[in-house]
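Novice: Sequence first, then the predicted structure:
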Amino acid sequence: MRMSNFKLRRFAACTSAGVSSTWLNGAAMRSYFGVDADQSARSGYAVYTPSDGLRDVRLNGSLFYIIDPRWSLMGTLAATRLVGDAADSPIVRDRTSLTAFFGARYRF
């Protein structure tokens, strides 16, 4: 690899942050978080019928860093918190989840 034509940039990064939420209709909430009578009998969880509404709220931050013209790094961290009927479901163990993604990109 010939590096003689490469000039290192002082700082080449981009950051972003955001807040988002997810709203589900009643059928989707019941599918993901509900417990019907048959499921209750098999599992021991109480019957639970959530209605439509907010499922979660998320906070995330990302970084994209250019190393050179071909290579770059990226990463994202996110925290998600279940809210409302989703959080109150008897099948939910943890209301908060953390997610991390890190990667590298090579341009041909």
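Specialist: Yes, it's here.
Novice: From now on I want contacts and neighbour counts done on CA atoms only, so please keep to that.
Specialist: Fine.
Novice: buried set for the helix or strand harbouring Ala27?
Specialist: Secondary structure from DSSP states H and E places Ala27 in helix 26-33. For helix 26-33, the neighbour count (16 or more other C-alpha atoms under 10 Å) marks 29-30, 33 as buried.
Novice: before we move on, what about stretch 44-61?
Specialist: For stretch 44-61, using 16+ other C-alpha under 10 Å, the buried residues are 46, 48-58, 60.
Novice: And for stretch 68-82?
Specialist: 72, 74, 76, 78, 80-82.
Novice: With distance to Ser21 added, can I get those in JSON lines?
Specialist: Below are the buried residues of stretch 68-82 laid out as JSON lines (distance: C-alpha to C-alpha, whole Å):
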{"residue": "Ser72", "distance to Ser21": "29"}
{"residue": "Met74", "distance to Ser21": "23"}
{"residue": "Thr76", "distance to Ser21": "17"}
{"residue": "Ala78", "distance to Ser21": "12"}
{"residue": "Thr80", "distance to Ser21": "9"}
{"residue": "Arg81", "distance to Ser21": "9"}
{"residue": "Leu82", "distance to Ser21": "10"}
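Novice: Alright, that wraps it up for me.
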